[in-house]
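Enquirer: I would like the atomic coordinates for the input below:
(chains A and B)
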There are 2 protein chains.
Amino acid sequence: MGKALIIGAGGVANVVIHKCCQNPDVFEEICIASRTLDKCEAIKNKLTGSKTVIQTAQVDADNTDMLINLINKFRPDIVINVALPYQDLTIMDACLATGVHYLDTANYEPPEIPKFEYKWQWAYRDKFEKAGITALLGSGFDPGVTSVFCAYAQKHYFDEIHYIDIVDANAGDHGYPFATNFNPEINIREITAKGSYWEKGNWVETEPLELKRVYNLPEIGPKDIYLLHHEEIESLALNIKGVKRIRFWMTFSEKYLTHLRVLENVGMTSIEPIDFEGKKIIPLQFLKAVLPDPASLGPRTKGKTNIGCIIQGVKDGKPRTYYVYNVCVHEECYAEVGSQAISYTTGVPAMIGAMMILKGIWKGPGVFNIEEFDPDPFMEELNRCGLPWKESFAPGLID
Amino acid sequence: MGKALIIGAGGVANVVIHKCCQNPDVFEEICIASRTLDKCEAIKNKLTGSKTVIQTAQVDADNTDMLINLINKFRPDIVINVALPYQDLTIMDACLATGVHYLDTANYEPPEIPKFEYKWQWAYRDKFEKAGITALLGSGFDPGVTSVFCAYAQKHYFDEIHYIDIVDANAGDHGYPFATNFNPEINIREITAKGSYWEKGNWVETEPLELKRVYNLPEIGPKDIYLLHHEEIESLALNIKGVKRIRFWMTFSEKYLTHLRVLENVGMTSIEPIDFEGKKIIPLQFLKAVLPDPASLGPRTKGKTNIGCIIQGVKDGKPRTYYVYNVCVHEECYAEVGSQAISYTTGVPAMIGAMMILKGIWKGPGVFNIEEFDPDPFMEELNRCGLPWKESFAPGLID
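Expert: From the prediction side, this is the model:
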């Protein structure tokens, strides 16, 4: 059916590529491109025997001209951006210049101060419309599936949605006292940043980790959950008409928070270089070298994730609560594609989003957040492609 | 009256020297010797105007011949060893070779595996007896004052002592989230080592920090206190006849333990070098470089220490409890001598022990632990020299 250029060769890209190869009728040909060709080749080598034809290419995703050359050479129908969020705009520019559809899983971030805002990408709406191509923003899990869950609830179960609580819980255990899946600097920023939620047309700011709950979630049990800012709140507030409050919650274990706080306290997360034996060393860089390699966590991680939405509103004049969620098992993901659930839950929806566009099910020129499209075909594919969802009208998540 | 050679130029040596200069009739002349002459000079320069005549010298305390040369040149009446515990034996050898009295504040340690045992130094008993000189072991606070407290209780208040609990509490606050007064490797070893106490003629081993109490101590209030092994238990078990149990307790705040555990968990206290940007770096060394300089803590530390003994036994056939303790104020110590209470409480008793020997109050050839001498004149000097003690027969320390 079509050709996809996948930019990135990390854990999420690995999942996207495996999933494309599981759907060779849709993804007849793909090209894996990243700064490091070896990483692209390594993924390709795991998929010998796939019906999908796989190419690889070296590309600097910060460099629009280089991206344009690659697109002109490979001629994809869609670019799946699973590189860094700093590179969303250069890749969107390349898609505009070449007339190719675009998809990503995380909003553009200016490198200096992450804002988790869509404004930079929404500014491309006119350009994409004029170019007659589609940009699908945030086609991961959260944002992504969680937003589709909201659109699905809206379409089938509510006359009006009033409250949305997005709950992202990871009960996985890698067996180390402490390790991070990604840059510990980003982890630190996450827990030291102010939280915010959307209520009655305004943002309400909270102190870092000020709001905490214990949710007793299906299949993983009670977990400490903290309110954070998250990017999909911004788009859902626009697209779910009548909504009064949207909040995002994420699990952090006490142990994890303690480790991060201590490391911050003693200065090990600082990015200010110190003089050490005649050399300038950034403490955070040294800490990363001491901590387990994130790549080593995949095969060790056991346990489940549970990500979903608790939606409250009215139907036929009566109040209703609807809970829709996916549970994913780290070790099953790893056995299937060689990445654990954090990457899996982001990569599968990216493939499905691309499938929706390639099949022409989701279409229209412009820049779109995922909840703007019909959720039903996406929800069907989730069940078929490894992220089955469950629903309940009496969730009882808080003891 | 006499001449003292002080080996060491750290925080404790600084206190010993200040205190000698406060007693110039006893300490007419002193020599400050350490590996780094500048540190000796720096202390000397703080004491211009002192009636005590001060010399300085460079010496490697691991080198017995160098020590002998220095002793032969300066001709002291006593050597006060406030260097490292690894150097006790070389200094004792030099005292034997030159016929000069010896005093220290901590038992000899083999550099590889600290054991907190007296056996190496007790093996010198015959040699010191034959040489007609005195070695006074453990004349700091604990060991030192705590052992004198026990001898004093034995002499005045008990027919038989049954139980001794030595309680070392530091309620000082340096205002940093985390810092160590000394080598964090030693701190780690302290909290990860098995504990032990002496009961009915045997050592009883505990898991690290297995036994915890909350003692509500005078002037500092309730504190978490953990049972540790400590060297004076070994000598008190020999010298306090009829004692049935001796335990040592030390405060560690939950915050302090949490920081140490996290740093250990992530590998920052390891002494195994890692490869970092083409260089071998020992994580513990890097951690030390990131943490506040221990030398910076003195002027910042506020609050009190409380170190004492809870002694239970019988007098005239009736059970009796006796509590004797000293409270020391960090900022007052710093104002007086430029070191906070941890160094102060160790350095003052070292000076008093040397005074006892120089005055001929404590005498006799051989190797002695401090509780073997008459406690009364030492107890008097504590009150006069900055470490006044208080006593109670109804302490009520446990709520």
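Enquirer: Every contact and neighbour count from this point should use C-alpha atoms.
Expert: Will do.
Enquirer: For the stretch 151-300 of chain A, what lies in contact range of chain B?
Expert: Contacts of the stretch 151-300 of chain A with chain B, taken as CA under 8 Å from any CA of the partner chain, map to A:177-179, A:258-259, A:262-263, A:265-268, A:274, A:276, A:283, A:286-287, A:289-291.
Enquirer: Cross those against strands and list the overlap.
Expert: Secondary structure of these is defined by DSSP state E; positions in strands are A:Ile274, A:Phe276.
Enquirer: In PyMOL, how would I select the buried members of the residues of the stretch 151-300 of chain A next to chain B?
Expert: Buried residues among these (16 or more other CA atoms under 10 Å in any protein chain shown), as a PyMOL selection:
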select buried, chain A and resi 178+179+258+259+262+263+265+266+267+268+274+283+286+287+290+291
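Enquirer: Which of the residues of the stretch 151-300 of chain A next to chain B fall in helices?
Expert: Residues of those located in helices (DSSP state H): A:Thr258, A:His259, A:Val262, A:Leu263, A:Asn265, A:Pro283, A:Phe286, A:Leu287, A:Ala289, A:Val290.
Enquirer: can you list the residues you listed in a markdown table and add pLDDT?
Expert: Formatted as a markdown table, those follow (pLDDT from 0 to 100):
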| residue | pLDDT |
| --- | --- |
| A:Thr258 | 93 |
| A:His259 | 93 |
| A:Val262 | 93 |
| A:Leu263 | 92 |
| A:Asn265 | 91 |
| A:Pro283 | 93 |
| A:Phe286 | 94 |
| A:Leu287 | 92 |
| A:Ala289 | 91 |
| A:Val290 | 93 |
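Enquirer: residues touching the residue nearest the centre of chain A, list them.
Expert: Per CA atoms, centre = their mean, the C-alpha nearest to the average position across chain A is that of A:Gly140, at 3.9 Å. Taking CA atoms under 8 Å, 6 or more residues apart in numbering or on different chains as the contact definition, A:Gly140 lies against A:Asp104, A:Thr105, A:Ala106, A:Thr345, A:Thr346, A:Gly347, A:Val348, A:Pro349, A:Ala350.
Enquirer: now it: how far from A:Arg189?
Expert: 21 Å (CA to CA, to the nearest Å).
Enquirer: Let me know how buried A:Val243 is, in neighbour terms.
Expert: A:Val243 has 21 neighbours, counted by other CA atoms under 10 Å in any protein chain shown.
Enquirer: For it, which non-adjacent residue is spatially closest?
Expert: If the residues on either side of it in the chain are set aside, A:Val243 comes closest to A:His162, at 4.4 Å by CA to CA, 6 or more residues apart in numbering or on different chains.
Enquirer: Check which helix or strand the residue lying closest to A:Ala193 once chain neighbours are set aside maps to.
Expert: Closest residue to A:Ala193 apart from its sequence neighbours, by CA to CA, 6+ apart: A:Pro208 at 5.3 Å. Take DSSP states H and E as the rule and A:Pro208 turns out to sit in neither a helix nor a strand.
Enquirer: try A:Ser147
Expert: With elements delineated by DSSP H and E, A:Ser147 resides in helix A:145-156, which encompasses its position.
Enquirer: go on, A:Val79?
Expert: If you go by DSSP H and E, A:Val79 is part of strand A:78-81.
Enquirer: Can you name the next helix or strand after the helix or strand bottoming out on mean pLDDT in chain A?
Expert: Scoring the helices and strands of chain A by mean pLDDT, DSSP states H and E places helix A:184-192 at the bottom, with a mean of 71. Tracing the chain past helix A:184-192, the next element assigned as helix or strand by DSSP H and E is strand A:195-199.
Enquirer: Buried residues in the helix holding A:Ser147, which are they?
Expert: For helix A:145-156, burial by neighbour count (16+ other CA under 10 Å) applies to A:Val145, A:Thr146, A:Ser147, A:Val148, A:Phe149, A:Cys150, A:Ala151, A:Tyr152, A:Ala153, A:Gln154.
Enquirer: Turn those residues into JSON lines, including pLDDT.
Expert: Output for the buried residues of helix A:145-156, formatted as JSON lines (pLDDT from 0 to 100):
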{"residue": "A:Val145", "pLDDT": "98"}
{"residue": "A:Thr146", "pLDDT": "98"}
{"residue": "A:Ser147", "pLDDT": "98"}
{"residue": "A:Val148", "pLDDT": "98"}
{"residue": "A:Phe149", "pLDDT": "98"}
{"residue": "A:Cys150", "pLDDT": "98"}
{"residue": "A:Ala151", "pLDDT": "98"}
{"residue": "A:Tyr152", "pLDDT": "98"}
{"residue": "A:Ala153", "pLDDT": "98"}
{"residue": "A:Gln154", "pLDDT": "98"}
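Enquirer: my read: the residue nearest to A:Ala193 touches A:Lys194, true?
Expert: Yes. Under the criterion of CA atoms under 8 Å, A:Pro208 makes contact with A:Lys194 at 4.3 Å.
Enquirer: which of the contacts of A:Gly140 has the most neighbours?
Expert: Ranked by neighbour count (other CA under 10 Å), those have A:Ala350 at the top, with 33 neighbours.
Enquirer: List the contacts of that one.
Expert: A:Val16, A:Ile80, A:Leu103, A:Asp104, A:Thr105, A:Ser139, A:Gly140.
Enquirer: Need the residues that contact the helix or strand where A:Glu391 lies.
Expert: Using DSSP H and E, A:Glu391 maps to strand A:389-392. Under the contact criterion CA under 8 Å, 6+ apart, strand A:389-392 has outside partners A:Tyr322, A:Tyr323, A:Val324, A:Tyr325, A:Asn326, A:Val327, A:Leu382, A:Asn383.
Enquirer: With adjacent residues omitted, what lies nearest to the second one?
Expert: Read it as A:Tyr323. A:Ile310 (4.5 Å).
Enquirer: Nearest residue to the residue in the stretch 1-150 of chain A positioned nearest to chain B in space, please, no chain neighbours.
Expert: Per CA to the nearest CA, the residue of the stretch 1-150 of chain A with the smallest distance to chain B is A:Thr36, at 19.7 Å. Residue nearest to A:Thr36 in three dimensions, not counting chain neighbours: A:Gln58, with 6.3 Å by CA to CA, 6+ apart.
Enquirer: Quickly list what the one you found is bridged to.
Expert: Bridge pairing for A:Gln58 (DSSP bridges) gives the partners A:Ser34.
Enquirer: Let me see the contact set for A:Ile68.
Expert: Going by CA under 8 Å, 6+ apart, the list of residues near A:Ile68 reads A:Ala94, A:Cys95, A:Ala97, A:Thr98.
Enquirer: For B:Ile7, state which of those is nearest.
Expert: Checking the contacts of A:Ile68 against B:Ile7 with CA to CA, the nearest one is A:Ala94 at 73.0 Å.
Enquirer: For the helix or strand containing that closest one, give me every contacting residue.
Expert: Remark: A:Ala94 resides in helix A:88-98, with elements defined by DSSP H and E. Helix A:88-98 has contacts (CA under 8 Å, 6+ apart) with A:61-65, A:67-68, A:71-72, A:79, A:81, A:101-102, A:104, A:107-108, A:121, A:127-128, A:131, A:133, A:135.
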